[in-house]
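predicted model and sequence follow; I will ask about them next.
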Amino acid sequence: MKNLIIKPLLFLILLLNLTACEETLVGPTTPNNPEQNFETLWHEYDRLSAFISVKNVDWNALYQQYRPQVKPTTTDAELFKIFSDMLAHFNDGHLTIMAPGPNPMRYDGGIVSQLQHDDFSLQVVKDQYLTEVKDYSQSITYGKLSPELGYIHLRDSGLDEKYYAKAMDTLLDYMKNTDGLVLDLRDFEGGYDKSSAYIAGRFATSKNFFMTSRKRNGPNHTDFTAPVKWYVQPEGKSQYTKPLVVLTNRWTASSGEILLWALKAGKPFVQIGDTTLGCYSDQARRELPNGWYYTISVNDIRPADGKSYEGIGIAPDVLVKNTKAEVLGGKDRVLERALATIH
């Protein structure tokens, strides 16, 4: 499962579940000092990171640049800053370093730490735009924007395909008399790629290749498994084949972006909003001797055109950004543009 941002408590729970495995990686006799912590992190990235090759990061040069800055007397705050500065070269929105404790520290890679959750409010959509509102679950909201126009908001794809088969049956049965649909992927947090591909299949009209994935699997930075080809195809008992508009913002990330790629391969539609975050890889989660946690992106995932969009994202067909003031005032210009486009 892929998540854009793992909240501190959830991050700790996930890593505690890996304790038995991680002990063999860190080792009970591994010294806990600044220099050893640097060496551990650097070598784990050297061994596992897909992005050293994908993003042409000169990892050895970064060792020469940052290793001399670490001394036996380096403080935790100084070491955390060194790690953050070094790993910023990956521009990876999936990358996280977390130092728990009385004075916790956290670093999120890419542009994540620069973003605000202020350009979209599902509550505004519910209160100001939907004439019918239904919550299938905490992560799926649907309804009508008018008698002829449906609306679905997905927050994640974090459950299995069986769950989404039942969910999409309910949603598409509700939409059967509509003439068009707005699929809202804004603030899509992450989930399972297979579930995203299944959801896209409920809109597909034919089988199409949409993605390749390969995993770092050897000591050399260019060692990867053979690429696995992914296809989207019609799924379930029915597909929605009427006009579709898809909404995105900078928080549309990870398996939400995989969903967008699969949708694009399966049927034509207009994407409105902002560019997506640009983070696709699965992550390995690791613990340092000092108890800090961090993630490493281990996959090279690309759409059908063969290009890497890590740190770039998927640009919309129509660029529209809500302002914080507009959202606070109950206005959603992105959705209004969708309404004007689909009618």
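Ah, there it is. Worth saying up front: this structure is predicted, and the values here are computed from it rather than measured. Numbering: from 1, shown residues only.

report the beta-bridge partners for A284.
I296 (DSSP bridges).

per-residue confidence for it?
Note on A284: pLDDT of 97.

now do the one 5 residues further on
In the predicted model, P289 carries a pLDDT score of 97.

list the contacts for it?
The contact partners of P289, taken as Cβ atoms under 8 Å, 6 or more residues apart in numbering, are 26, 30-32, 36-37, 40. (Glycine included, C-beta is placed from N, CA and C.)

show me the shaky parts of the protein.
Under the criterion pLDDT under 70, the flagged ranges of the chain are 1-29.

dump the contacts of P289 to JSON lines, plus secondary structure, neighbour count and distance to D187.
Output for the contacts of P289, formatted as JSON lines (DSSP: H, G, I helix; E, B strand; the rest coil; neighbours: other Cβ atoms under 10 Å; distance: Cβ to Cβ, whole Å):
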{"residue": "V26", "secondary structure": "helix", "neighbour count": "17", "distance to D187": "35"}
{"residue": "T30", "secondary structure": "coil", "neighbour count": "16", "distance to D187": "39"}
{"residue": "P31", "secondary structure": "coil", "neighbour count": "11", "distance to D187": "42"}
{"residue": "N32", "secondary structure": "coil", "neighbour count": "12", "distance to D187": "38"}
{"residue": "Q36", "secondary structure": "helix", "neighbour count": "15", "distance to D187": "39"}
{"residue": "N37", "secondary structure": "helix", "neighbour count": "23", "distance to D187": "34"}
{"residue": "T40", "secondary structure": "helix", "neighbour count": "23", "distance to D187": "35"}
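
between those, which is closest to N299?
Closest to N299 out of the contacts of P289 is T40 (22.0 Å), distances taken as Cβ to Cβ.

from the contacts of P289, pick the one nearest T323.
N37 (42.4 Å).

ok, the closest one touching I82?
No: counting by Cβ atoms under 8 Å, N37 does not reach I82; the two are 10.0 Å apart.

okay if I get the contacts of P289 as TSV plus distance to S206?
As requested, these are arranged in TSV below (distance: Cβ to Cβ, whole Å):
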residue	distance to S206
V26	49
T30	53
P31	58
N32	56
Q36	55
N37	52
T40	49
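
may I see the buried residues of stretch 218-226?
Buried positions in stretch 218-226, judged by neighbour count with 16 or more other Cβ atoms under 10 Å: 221, 224.

which other residues reach it?
Residues outside stretch 218-226 that contact it (Cβ under 8 Å, 6+ apart): 46-47, 49-50, 52-53, 59, 214-217, 300.

which parts of the stretch 101-250 of the chain are strands?
Counting by DSSP state E, counting those that start in this stretch, the stretch 101-250 of the chain has these strands, from start to end: 105-108, 132-137, 140-146, 149-154, 180-184, 190-191, 208-215, 228-232, 244-248.

tabulate these (JSON lines), appending distance to W292.
As requested, the strands of the stretch 101-250 of the chain are exported to JSON lines (distance: least, Cβ to Cβ, whole Å):
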{"stretch": "strand 105-108", "distance to W292": "8"}
{"stretch": "strand 132-137", "distance to W292": "34"}
{"stretch": "strand 140-146", "distance to W292": "35"}
{"stretch": "strand 149-154", "distance to W292": "33"}
{"stretch": "strand 180-184", "distance to W292": "36"}
{"stretch": "strand 190-191", "distance to W292": "22"}
{"stretch": "strand 208-215", "distance to W292": "25"}
{"stretch": "strand 228-232", "distance to W292": "32"}
{"stretch": "strand 244-248", "distance to W292": "33"}
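
any chance of CSV for those, columns distance to D332 and mean neighbour count?
Listed next are these as CSV, based on distance: least, Cβ to Cβ, whole Å; neighbours: other Cβ atoms under 10 Å:
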stretch, distance to D332, mean neighbour count
strand 105-108, 26, 18
strand 132-137, 15, 14
strand 140-146, 11, 20
strand 149-154, 11, 25
strand 180-184, 10, 24
strand 190-191, 23, 25
strand 208-215, 29, 18
strand 228-232, 29, 17
strand 244-248, 9, 25
